[in-house]
Structure formats: structure tokens, C-alpha cells
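Student: next comes the sequence, and after it the predicted model I'd like to discuss.
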Amino acid sequence: MYADREVMRYIGAGDAHSTSVEDSERRLQRLIDHQERHGFSLWAVTDRETGTVMGDGGLIHLAHRGPEIELGYRLAKPYWGKGYATEVASAWVAHGFEELGLERIVAVTHPENVASQRVLEKVGFAHEGMTSYEGEAARLYAIGRETD
């Protein structure tokens, strides 16, 4: 998945566009380190029936620096358009609010990544405007914890 340029075309900048095994290993190690430091990160998304890895998704400090917490997800092409991204996003938003006690979760998308923007809107994110993400223009979305 990380080596597929079509899957990675809207994901971040810099080494996100590189598809070497070494770059993929660095990306995975950065996620492992984040999990160990903060108790959350992007996790593998697997098919419930077969155990096949379909992609990854979860919460991570925005641009790996924070302070805001970002929802992220990516799926291999065979799993696009089947509702899995919405399922992953919804589960991680619930986990962020219910288990981690977050008050707000953000997400950024490439301006042309309409599919991801639809996923965010389906799970309740609102578009807050444009921002810069790792030196590139991006759409900023956010969702806050519902209060009774």
C-alpha cells in the first residue's frame, strides 16, 4: 500500500511520496514510536473474516508534532469505495472521545481529495477552511465532543 503511488498521492508531503521499502519502514517505525509515547497511533485495518491488512487508520498528533490530534486513514485500492474508510473514521472518532477523552479531533485533506472529504463529512466533521500542512495547501476539518 505504501508503495502504491495512487494510494499515497494525497498523503502528506516529503517522504510520503517515496515508495521505497526503507521509507515504508521509517514510516512504520515513526508510528510505533508514537504509539509507545502517547498510547495511540495509526493501526492496521484488517478484514474481519480473513485477517488481510486493508490499510491503516487512527489518531496521531497533527503533522507528528501536535498539539492537535488528527484522524488519519488510508486503504489499499481494492478496498476503496466500499464504506471501510467511513467505518474506520467513525470508530476512531468514538475512541478518541470516549476512551481518550479528547475534546476535538482534526483532519486535513488535499484540496482535490473529494472522497476523503465526503468520509469526514459523513462522520460529522465540519470544514473549517484552508490551512498549510507540511508546506502544502490543505482543507482543515474538525469535530468536537458532543456535550449533553
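Tutor: Arrived safely, thanks for sending.
Student: how far away is I11 from L42?
Tutor: The gap separating I11 from L42 is 11 Å, by C-beta to C-beta, to the nearest Å. (Glycine included, C-beta is placed from N, CA and C.)
Student: next one: Y133
Tutor: 16 Å.
Student: what does I105 give?
Tutor: Noted for I105: a distance of 14 Å to L42, by C-beta to C-beta.
Student: anything in contact with each of these two?
Tutor: Counting by C-beta atoms under 8 Å, 6 or more residues apart in numbering, the residues touching both I105 and L42 are L59.
Student: low-scoring stretches of the protein, by residue?
Tutor: Counting by pLDDT under 70, the chain has low-confidence residues at 1-10, 12-19, 147-148.
Student: try it again at 80.
Tutor: For the chain, applying pLDDT under 80 flags the ranges 1-20, 23-24, 63-66, 147-148.
Student: tell me where it has helices.
Tutor: Remark: helices assigned in the chain by DSSP state H are 5-8, 21-38, 84-98, 114-122.
Student: for F97, give its distance to R145.
Tutor: 5 Å.
Student: higher neighbour count, those two?
Tutor: Using other C-beta atoms under 10 Å, the more surrounded residue of F97 and R145 is F97, with 17 against 13.
Student: contacts only, for the more buried one.
Tutor: Taking C-beta under 8 Å, 6+ apart as the criterion, F97 is in contact with 105, 145-146.
Student: go again with 10 Å.
Tutor: Contacts for F97 (C-beta atoms under 10 Å, 6 or more residues apart in numbering) come out as 103-105, 143-146.
Student: swap in V106?
Tutor: 62, 68-71, 120, 125, 128, 131, 140-143.
Student: any idea how far the residue nearest to the spatial centre of the chain is from E49?
Tutor: Residue closest to the average C-alpha location in the chain (C-alpha atoms, centre = their mean): G72, at 0.7 Å. Separation of G72 from E49 (C-beta to C-beta) stands at 25 Å.
Student: quick one: which of Y133 and L42 has more around it?
Tutor: Per other C-beta under 10 Å, whichever of Y133 and L42 has more neighbours is L42, with 24 against 18.
Student: the residue lying closest to the more buried one once chain neighbours are set aside: neighbour count?
Tutor: Excluding the flanking residues, the one nearest L42 by C-beta to C-beta, 6 or more residues apart in numbering is G58, at 4.1 Å. A count of nearby residues for G58, using other C-beta under 10 Å, gives 22.
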